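[1] A predicted structure for the sequence below; I have some questions about it.
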Amino acid sequence: MPAPTLSIRDLTVDIPTRHGVLRPVSGVSYDIAPGEILGVVGESGAGKSMAGNAVIGLLSPPAHIASGEIHLNGTRIDGLKGDAMRRLRGKEIGMVFQDPLTSLNPLLKIGDQLSETMLAHLDISQSEARQRATAALDEVGIPGAAQRVDSYPHEFSGGMRQRVVIALALCAEPSLIIADEPTTALDVSVQAQIIALLKRLCRERGTAVMLITHDMGVLAEACDRVAVMYAGKLAELGPVRDVLSAPLHPYTDGLMGSTPLASRGKDRLHQIPGSMPRLDSLPTGCAFHPRCPRAAAQCRVDPGPAIEDGAGRAACFFPIDREAVA
């Protein structure tokens, strides 16, 4: 097995407030191997984006990493500040945001933005950066890349802008890409194209990907493994096929039951009762127990077993028996 590109161990993020400390990420651990796409899924407020922002150093104060370690290619990065972290962004870690317009400067041509990123992180000339910018646009499927390199962001459609953002994230040849809901604002056909593009480029380059999403269809299509988060903690972690076809954790099972599938026909979708708890009013024990059909007395006092990275693990005292379900 190759050494992981990204290794997160017991990551905890705290937000101090006047009324106490909020903990949006609590004791999260997982690895992402070179060329692997790990999907991070959960309801809004589960801590998915907060974990990604902690990796790339984009936590907004007073949020901060309270404990744990983050290693990138064997080097610990969770303590990096200021210029040291800025040098890492773009060069070693690329970011693809949900809305491409937030990632692109509307006043600069696309080619200038790509060139600026490469010149900041690579030892190349201005003319070479220009050539690479054109090649990058061509690689992500922008028609007429040699001409469109001089276009402004508003001259592209939403799908084309997202392709540009992917080119921007990859142009300095990072070893890790964090893609935060990269297809949410796109229609289904364009969504499929973007996912296929991201998969192809990352497989060819051996780039590791943390794909943050709430879309189970995107997970099934794009990812190798899945990390399911609930109330800041990992609920389940394992290969995508196993997790989606035979989930171990009742929360994952609820997510799958609420996902429309052609095989269900006209059957009603399952709805998980209740909602994600607020960070300032987390229940004792397992945070999911008020909504869980399998909860017992133990779940109300004990947060459940921690998940170490491995194939098919769930933070649950009473996981679903895959063999019984099969």
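    Ah, there it is.
[2] hey, which helix or strand in this structure has the poorest pLDDT?
    Here the helix or strand of the chain ranked lowest by mean pLDDT, DSSP states H and E is helix 322-325, holding a mean of 56.
[3] for the residue nearest to the spatial centre of the chain, helix, strand, or coil?
    The residue lying closest to the centre of the chain (CA atoms, centre = their mean) is I212, at 2.6 Å. Secondary structure, DSSP: H, G, I helix; E, B strand; the rest coil: I212 is strand.
[4] how about the helices in the stretch 51-200 of the chain?
    With DSSP state H, counting those that start in this stretch as the criterion, the stretch 51-200 of the chain has helices at 82-88, 110-121, 126-139, 145-148, 158-170, 188-205.
[5] what's the pLDDT at the residue of the chain most remote from its centre?
    When each C-alpha in the chain is compared with the mean C-alpha position (CA atoms, centre = their mean), S127 comes out farthest, at 34.0 Å. pLDDT for S127: 95.
[6] and stretch 302-312, what's its mean pLDDT?
    Mean predicted lDDT for stretch 302-312 stands at 73.
[7] ok, now stretch 55-67?
    So the average pLDDT for stretch 55-67 ends up being 95.
[8] got a list of contacts for that stretch?
    Here stretch 55-67 makes contact (CB atoms under 8 Å, 6 or more residues apart in numbering) with 6, 8, 10-17, 23-24, 50, 53-54, 70, 77-78, 80, 85, 88-89, 93, 95, 176, 178, 210. The way it works is simple: take the backbone N, C-alpha and C, and place the C-beta from them, glycine included.
[9] which of these are buried?
    Those of the contacts of stretch 55-67 that meet the buried threshold are 6, 8, 11-15, 23-24, 50, 53-54, 70, 77-78, 80, 85, 88-89, 93, 95, 176, 178, 210, by 16 or more other CB atoms under 10 Å.
[10] Identify those among those residues that sit within strands.
    6, 8, 11-15, 23-24, 70, 93, 95, 176, 178, 210 (DSSP state E).
[11] Out of those, the closest to G141 would be?
    Nearest to G141 among these: M95, at 20.2 Å, using CB to CB.
[12] Not counting sequence-adjacent ones, nearest residue to the closest one?
    Of all residues not flanking M95 in the chain, I178 sits nearest, at 5.2 Å (CB to CB, 6 or more residues apart in numbering).
[13] Retrieve the pLDDT associated with the one you found.
    We have a pLDDT of 96 for I178.
[14] Tell me who's in contact with it.
    G52, V55, I56, I93, G94, M95, V96, V209, M210, I212.
[15] Could I get those in JSON lines, plus columns for distance to L108?
    As requested, these are exported to JSON lines (distance: CB to CB, whole Å):
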{"residue": "G52", "distance to L108": "25"}
{"residue": "V55", "distance to L108": "27"}
{"residue": "I56", "distance to L108": "22"}
{"residue": "I93", "distance to L108": "22"}
{"residue": "G94", "distance to L108": "18"}
{"residue": "M95", "distance to L108": "18"}
{"residue": "V96", "distance to L108": "18"}
{"residue": "V209", "distance to L108": "26"}
{"residue": "M210", "distance to L108": "27"}
{"residue": "I212", "distance to L108": "27"}
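[16] Kindly indicate which of these lies nearest A185.
    For those, the nearest to A185 is V96 (12.1 Å; CB to CB).
[17] what about that closest one, how many residues close to it?
    24 (other CB atoms under 10 Å).
[18] Look up the residues forming beta bridges with it.
    Note on V96: beta-bridge partners A179, judged by DSSP bridges.
[19] State the distance from it to G232.
    Going from V96 to G232 by CB to CB, to the nearest Å gives 23 Å.
[20] Got phi/psi on G39?
    Phi and psi for G39, reported as degrees, to the nearest 10, are phi -90, psi 130.
[21] where's it relative to I166, distance?
    For G39 relative to I166 (CB to CB), the value is 17 Å.
[22] Tell me the buried residues in stretch 282-295?
    Of the residues in stretch 282-295, L282, G285, C286, A287, F288, H289, R291, C292, A295 count as buried by neighbour count, 16+ other CB under 10 Å.
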